[in-house]
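>>> have a look at this prediction, sequence included:
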Amino acid sequence: MNLSQREYKIQDVITFAKTDSQFGGLSNMAPGYILFVNEVNIQSSEILYQACRFPLFPQIQEEILRTKSPMDGKIISRNYLAYTRQDWNSVKFKVMRWCLEVKLIQNYSKFSELLLTTGNKPIVEYSTKDSLWGASPSPSSKDILVGTNALGRLLMELREKIKSGTLTQTSIIYPLDIPAFLLFNKNISAVHNDDYFIHDLDEIYA
Ligand SMILES: Nc1nc(O)c(N)c(N[C@@H]2O[C@H](COP(=O)(O)O)[C@@H](O)[C@H]2O)n1
């Protein structure tokens, strides 16, 4: 991904920050978008993304997946940063794109409708702390947001795939072609929208 900084006029864009706001469902932290990968239920795209940091440490993945709150998943991840896969900085945007595609096809009606409601406007994650995934108020004007806005840009890319019919409810999301793309020591399989059923982690580990 091109990491160049962008500037957005706040009145011209769709922003999201808090998950209970109009476009809060665009956040990876949003509740109500459950995923299912390798027969494991995952509470949010944030939890899936954070678990993907630690492919060689299934016990860390389990701790992250057992949290109900995506923010707790992120906090747990921060406790184990030294165990992050070594190529993380070069694969994390691909991983995020894949997580968002999984979120889309497994929550197609709700998520595609929300994305299409944004029309053709730029989508920006508003954050005062994170101008890599989002964009922050400019020191010179609070009406301007500045940042890489990587999440917003991936969401706009996803919106285009919906509009063009490249991603539909019946699409299959294939695993990334990166080394050790693993969940609980197993290669991550192709993800469908129609094999969505509940497994408990205790059942997987029985
Ligand atoms: N809710 C929230 N609070 C923050 O402080 C944030 N930085 C974010 N950003 C989200 O975190 C994810 C990226 O995590 P890493 O920093 O790569 O571990 C991504 O979902 C951002 O949208 N969110």
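Nice, thanks for sending it over. From a predicted model like this one, the values you see are computed outputs, not experimental measurements.
>>> tally of neighbours for residue 56?
12 (other Cβ atoms under 10 Å). In short, each C-beta sits where N, CA and C put it, glycine included.
>>> could you do residue 105 as well?
When neighbours are defined as other Cβ under 10 Å, residue 105 has 21 of them.
>>> strands of the protein, start to end?
6-9, 14-16, 35-37, 40-42, 123-125, 136-137, 144-147, 182-183, 186-187 (DSSP state E).
>>> how distant is the second one from the center of its chain?
Remark: strand 14-16 is offset 16 Å from the chain centroid, using Cα atoms, centre = their mean, to the nearest Å.
>>> same check on the last one?
Taking the mean C-alpha point of strand 186-187 and that of its whole chain, the gap between them comes to 20 Å (Cα atoms, centre = their mean).
>>> contact partners of that strand?
38, 175, 181 (Cβ atoms under 8 Å, 6 or more residues apart in numbering).
>>> okay, now the sheet partners of it, with direction.
Partners of strand 186-187 in the sheet, by DSSP bridges, are strand 182-183 (antiparallel).
>>> quick check: mean pLDDT across the partner strand?
Averaged over strand 182-183, pLDDT sits at 98.
>>> chain center to that strand, what's the gap?
With Cα atoms, centre = their mean, you get 16 Å for strand 182-183.
>>> cool, and stretch 37-54?
For stretch 37-54, the distance to the chain centre is 9 Å (Cα atoms, centre = their mean).
>>> endpoints of stretch 73-90, how far apart?
21 Å (Cα to Cα, to the nearest Å).
>>> list the buried residues in that stretch.
73, 74, 76, 77, 80, 84, 85 (16 or more other Cβ atoms under 10 Å).
>>> ok, the spatially closest residue to the first one that is not a sequence neighbour to the ligand distance?
Spatial nearest neighbour of residue 73, excluding adjacent residues (Cβ to Cβ, 6 or more residues apart in numbering): residue 47 at 4.2 Å. As defined by Cβ to the nearest ligand atom, to the nearest Å, residue 47 lies at a distance of 10 Å from the ligand.
>>> contact partners for residue 47?
Counting by Cβ under 8 Å, 6+ apart, residue 47 has contacts 64, 65, 67, 70, 73.
>>> thanks again, I'm all set now.
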